[in-house]
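Participant: Got a sequence here, can you build the structure:
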Amino acid sequence: MKSYTEYLWFNTKKKREFINMTEQVAQAVAKSKIQEGLALASAMHITAGVYINDAEDGLIADIEEWLERLAPFRPDYRHHATGETNGDAHLKNLLIGHQVLVPVTQGKLDLGPWQQIYYAEFDGQRRKRVIIKVLGE
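Facilitator: Below is the predicted model:
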């Protein structure tokens, strides 16, 4: 089995941002020259996530609103006693998840018709990274 690793770096302009990274993952798969296998995309920070869903602006706004309703920003998280102010970002990561696994078939991502891979930033405006690992033959 072969493997290929690539890192993507993000430095978001806003505290919360959703970035479509499907093309970057597809490019990593192409560079890997792996024809059959799996591609993993994983956020390497506990205040960010990676997920698969539709690339529709209304849905992205709904996701952001849903996350804020379930894990709202507020000053009284116990985590804030450490000097941090991002307790909500840690909880949002738990809701979205930090990684996705996508099949690679005939050298390409094997996504459904509307599926896109997104990086979700919940505590941005600083440099963060995602690892892409492609495994297979």
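Participant: Need the mean per-residue confidence for the longest helix seen in the chain.
Facilitator: In the chain, taking DSSP state H as the definition, the longest helix is helix 57-70. Per-region confidence: helix 57-70 scores 98 on mean pLDDT.
Participant: and what of stretch 25-36?
Facilitator: In the prediction, stretch 25-36 has an average pLDDT of 98.
Participant: swap in stretch 89-105?
Facilitator: Mean predicted confidence for stretch 89-105 is 98.
Participant: All further residue positions should be reported with the first residue as 781.
Facilitator: Fine by me, first position is 781 from now on; the one you just mentioned is stretch 869-885.
Participant: quick one: Thr865 from Phe853, how far?
Facilitator: 9 Å (C-beta to C-beta, to the nearest Å). All C-beta spots, glycine's among them, are computed from the backbone N, C-alpha and C.
Participant: can you pull out the strands in the chain?
Facilitator: 782-791, 797-800, 817-823, 828-833, 879-885, 888-889, 896-901, 907-916 (DSSP state E).
Participant: so which of those strands is the most packed in?
Facilitator: strand 896-901 (a mean of 23; mean count of other C-beta atoms under 10 Å).
Participant: list the contacts for the residue most central in space within the chain?
Facilitator: Using C-alpha atoms, centre = their mean, the residue of the chain that lies closest to the mean C-alpha position is Val830, 2.0 Å off. Contact analysis of Val830 by C-beta atoms under 8 Å, 6 or more residues apart in numbering lists 801, 821-823, 876-880, 897-900, 910.
Participant: Please apply the same query to His878.
Facilitator: For His878, counting by C-beta under 8 Å, 6+ apart, the contacting residues are 822-823, 826, 828-830.
Participant: Could you identify the most distant pair in these?
Facilitator: Ile826 and Val830 (12.5 Å; C-beta to C-beta).
Participant: Gly867 versus the residue of the chain most remote from its centre, what's the distance?
Facilitator: What lies farthest from the middle of the chain is Ala861; by C-alpha atoms, centre = their mean that is 27.3 Å. Taking C-beta to C-beta as the criterion, Ala861 is separated from Gly867 by 10 Å.
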